[in-house]
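Participant: Give me a model of this one.
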Amino acid sequence: MIQRCLTKERADRYQRASEVREALEAVQGAVLQSRHPSEDPRGPRKLVLPGVEHLSVKNGDVLLLVGTNKGAFFLRSSRDRSRWDVAGPYFRGQGIYAMTYDGRSDRHRLWVSANDEVWGVFLRSSDDFGRIWTNPLEASIRFPTEAGASLRNIWQICLGRNDEPEKLYCGVEPAALFESVDGGESWSLVRGLYDHPHRPRWMPANGGLILHTILPDPSNKDRMYVAVSAGGVYRTEDGGTTWQARNNGVRVMFLPEKYPEFGQCVHKIVLHESRPERLFLQNHWGLYRSDNRGNSWQDIARGVPSDFGFVMLMHPHDADCVYIVPVESDKFRCTPEGHLRVYRTRNAGGSWEALDRGLPQKGAYETVLRDAMSSDSLDSAGIYFGTRSGKVYGSKDEGKSWKKIVEGLPQILCVKAAIVHMDGTPTTKPNLKSKIPKRRKTARTKRVRRGRSG
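Facilitator: Below you'll find the predicted structure:
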């Protein structure tokens with residue numbers, strides 16, 4: 001860097017101070033040996049990113065984590081979700097494909113996967129909303145030598161169950177699943193999936209061979225689903241020791257066999273904790289539902305302008321409600337006819353309705369990627385999504401109306417929403433209406449209500 005600053009030819013020097021800052025940040029975040037190593041050389045160092053005005057986060061705030069191809073941005077609002085503060089970019093110039101907020105065991109931890117073109121992929125965390133980050137001396141997630149693979153990207157960071165607060169999962173490229181049982185200090189490759197006999201015949205999709213979705217079953221600690229592009233859906237019933245393809249009924253458009261055992265280019269799968277036996281799937285052409293834990297799938301694409309898309313979101317409180325954003329086709333991956341519309345089903349795919357109030361309906365040729373849509377857990381739930389054109393939209397009435405929260409960001413790759421609990425207790429009681437049936441109005445309850453109103 002010093003040599004470049006002092007080079008004789010003006011055109012060969014840095015042209016802006018911002019270029020020098022980006023280069024300094026890249027060096028600070030690189031794999032370097034400490035001049036004064038700690039007693040444990042494997043331990044993480046600390047990383048402070050200069051030039052970023054951080055958020056002031058309070059108990060009950062809504063937090064949006066927005067990952068772009070040029071860094072991470074954090075947005076904060078109070079529970080009324082009317083005004084948003086924005087901080088960033090963190091890890092300038094790096095691709096942020098996966099983020100999450102871990103509030104288990106009274107933590108306030110942000111997890112970020114930062115992909116630098118020079119230094120590679122690092123999983124970092126912050127316990128103070130971005131002021132200080134861990135800076136590992138070496139990549140914590142890496143393939144063992146005998147695996148014959150090298151890490152290209154981390155596409156998904158998934159928290160373990162609430163009763164397993166130290167457990168984490170990561171889905172990576174090339175397609176593999178990694179697990180940590182010590183809060184992210186160390187990671188191990190899930191060999192049962194990596195050594196699966198189908199794996200050598202998985203084909204890279206347009207974005208590569210990636211494991212992008214991880215769904216632990218909330219009712220069974222040994223059951224988990226993953227989705228691979230282009231491998232399909234796989235399920236384990238024994239904690240990851242063995243895996244079975246679960247793609248019966250899911251169509252493939254680019255193979256001679258239309259309904260193979262595996263090889264589907266699945267874009268997203270979701271489930272609701274109150275109905276873990278039922279899954280929804282957005283495919284590379286196709287919308288599906290399974291009522292038997294993925295053993296078979298049925299088409300639910302009636303009433304949408306296109307069954308091609310990437311994103312799929314489960315409503316946090318309603319097991320019958322799912323959101324998607326269709327795009328026209330695999331050749332023209334933009335919203336149909338330039339209308340930016342979110343589609344919602346409230347009857348488990350029986351029908352779909354367009355939600356477009358407040359969204360642009362002319363010349364809005366947008367794309368929403370598979371992890372660029374999220375929800376908070378308030379009642380009513382907030383729904384948020386980001387576009388490849390750098391806009392973030394939000395709805396605080398479950399999609400009935402939308403408002404642009406921020407624009408002008410780089411291409412948005414992922415959006416994650418969370419409610420911050422500073423005291424370790426929920427700030428809102430979940431409205432799991434799918435779990436609790438409505439009480440019948442008996443003569444006695446009618447009399448009681450009349451008495452109270454009188």
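Participant: okay, now Arg45: neighbour count?
Facilitator: Using other CB atoms under 10 Å, Arg45 has 14 neighbouring residues. The C-beta positions use only the backbone N, C-alpha and C, and glycine is treated the same way.
Participant: Any idea what it is bridged to?
Facilitator: Following DSSP bridges, Arg45 is listed with bridge partners Asn135.
Participant: And the nearest residue to Asp61 once chain neighbours are set aside, how close does it get to Arg76?
Facilitator: Nearest residue to Asp61 in three dimensions, chain neighbours excluded: Val420, at 4.8 Å (CB to CB, 6 or more residues apart in numbering). As defined by CB to CB, to the nearest Å, Val420 lies at a distance of 8 Å from Arg76.
Participant: between those two, who's got more neighbours?
Facilitator: Arg76 (20 against 17).
Participant: Identify the residues contacting that one.
Facilitator: Leu55, Ser56, Val57, Asp61, Val62, Leu63, Leu64, Trp84, Asp85, Ala87 (CB atoms under 8 Å, 6 or more residues apart in numbering).
Participant: switch to 10 Å and redo it
Facilitator: 54-58, 61-64, 83-87, 129, 420 (CB atoms under 10 Å, 6 or more residues apart in numbering).
Participant: Find the residues that touch each one of Val420 and Arg76.
Facilitator: Val57, Lys58, Asp61, Val62, Leu63, Phe129.
Participant: And Gly303, its phi and psi?
Facilitator: phi 100, psi 10 (degrees, to the nearest 10).
Participant: Could I have the ChimeraX command that selects the buried members from the contacts of Arg76?
Facilitator: What follows is the ChimeraX syntax selecting those of the contacts of Arg76 that are buried according to 16 or more other CB atoms under 10 Å:
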select :54,55,57,61,62,63,64,84,86,87,129,420
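Participant: And the contacts of Arg76, which is closest to Ile300?
Facilitator: Nearest to Ile300 out of those is Leu64 (CB to CB; 29.0 Å).
Participant: what's the helix or strand for the closest one?
Facilitator: Per DSSP states H and E: Leu64 is located in strand 62-68.
Participant: tell me the angle whichever helix or strand comes after that strand makes with strand 62-68.
Facilitator: Downstream of strand 62-68, the next assigned helix or strand under DSSP H and E is strand 71-77. Here the directions of strand 71-77 and strand 62-68 differ by 160 degrees (axes from the mean of the first three to the mean of the last three CA atoms, to 10 degrees).
Participant: List the strands paired with the following helix or strand past strand 71-77, with their directions.
Facilitator: Heading C-terminal from strand 71-77, the first helix or strand you meet, by DSSP H and E, is strand 85-90. Within its sheet, strand 85-90 is paired with strand 71-77 (antiparallel), according to DSSP bridges.
Participant: Just the CA atoms of the strand it pairs with, as CSV, please.
Facilitator: Taking Å, rounded to 0.1, in the frame of the first residue of the first chain, the C-alpha atoms of strand 71-77 are listed here in CSV:
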residue,chain,number,x,y,z
GLY,A,71,-21.0,-4.8,2.7
ALA,A,72,-23.5,-5.1,5.6
PHE,A,73,-26.0,-2.5,6.7
PHE,A,74,-27.9,-2.5,10.0
LEU,A,75,-31.3,-0.8,10.4
ARG,A,76,-33.1,-0.1,13.7
SER,A,77,-36.6,1.1,14.6
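Participant: tell me how far that strand is from the chain's mean position?
Facilitator: 14 Å (CA atoms, centre = their mean, to the nearest Å).
Participant: Strands of the stretch 101-250 of the chain, residue ranges please.
Facilitator: Remark: strands assigned in the stretch 101-250 of the chain by DSSP state E, counting those that start in this stretch are 109-116, 120-126, 133-135, 153-159, 168-173, 176-180, 188-189, 210-216, 224-229, 232-236, 244-245.
Participant: Low-confidence stretches in the stretch 51-200 of the chain?
Facilitator: Applying pLDDT under 70 to the stretch 51-200 of the chain flags no residue at all.
Participant: Domains in the chain, by residue range?
Facilitator: 1-28, 48-453 (automatic domain parsing).
Participant: and among the ones you listed, the most buried is which?
Facilitator: Mean neighbour count (mean count of other CB atoms under 10 Å) peaks for domain 48-453 among the domains of the chain, with a mean of 18.
Participant: who are the neighbours in contact with the nearest residue to Lys396 once chain neighbours are set aside?
Facilitator: Closest residue to Lys396 apart from its sequence neighbours, by CB to CB, 6+ apart: Arg81 at 4.4 Å. By CB under 10 Å, 6+ apart, the contact set of Arg81 is 61-62, 64, 376, 378, 382, 384, 394-397, 403, 405.
Participant: ok, the spatially most central residue of the chain to Thr134 distance?
Facilitator: Centroid check for the chain by CA atoms, centre = their mean gives Asp371 as the closest residue, at 4.2 Å. Distance of Asp371 to Thr134, given as CB to CB: 22 Å.
Participant: likewise Ile269?
Facilitator: 30 Å.
Participant: again with Asn115
Facilitator: 16 Å.
Participant: same question, Arg21
Facilitator: Noted for Arg21: a distance of 21 Å to Thr134, by CB to CB.
Participant: thinking again about what came up before, how about the shared contacts of Val420 and Arg76, which pair is most distant?
Facilitator: Going by CB to CB, the pair spanning these furthest: Val62 and Phe129, at 13.1 Å.
Participant: Find residues that contact each of these two.
Facilitator: Arg76, Val420.
Participant: hang on, Ser306 packs against Ser329?
Facilitator: Yes. With contact defined as CB atoms under 10 Å, Ser306 and Ser329 form a contacting pair (6.7 Å).
Participant: list the contacts for Cys265?
Facilitator: Cys265 neighbours (CB under 10 Å, 6+ apart): 203-207, 227-232, 250, 252-255, 283-286, 330.
Participant: I misspoke; the intended subject was Gly160.
Facilitator: With CB under 10 Å, 6+ apart, Gly160 has these contacts: Asp102, Arg104, Glu166, Lys167, Leu168, Tyr169, Glu179, Ser180, Val181, Gly183, Pro216, Lys221.
Participant: again, but for Ser306
Facilitator: Contacts of Ser306 (CB under 10 Å, 6+ apart): Trp285, Leu287, Ile324, Pro326, Val327, Glu328, Ser329, Phe332, Thr335, Pro336, Tyr343.
Participant: now swap in Ser395 and tell me
Facilitator: Per CB under 10 Å, 6+ apart, neighbours of Ser395: 81, 323, 342, 355, 357-359, 375, 380-385, 401-403.
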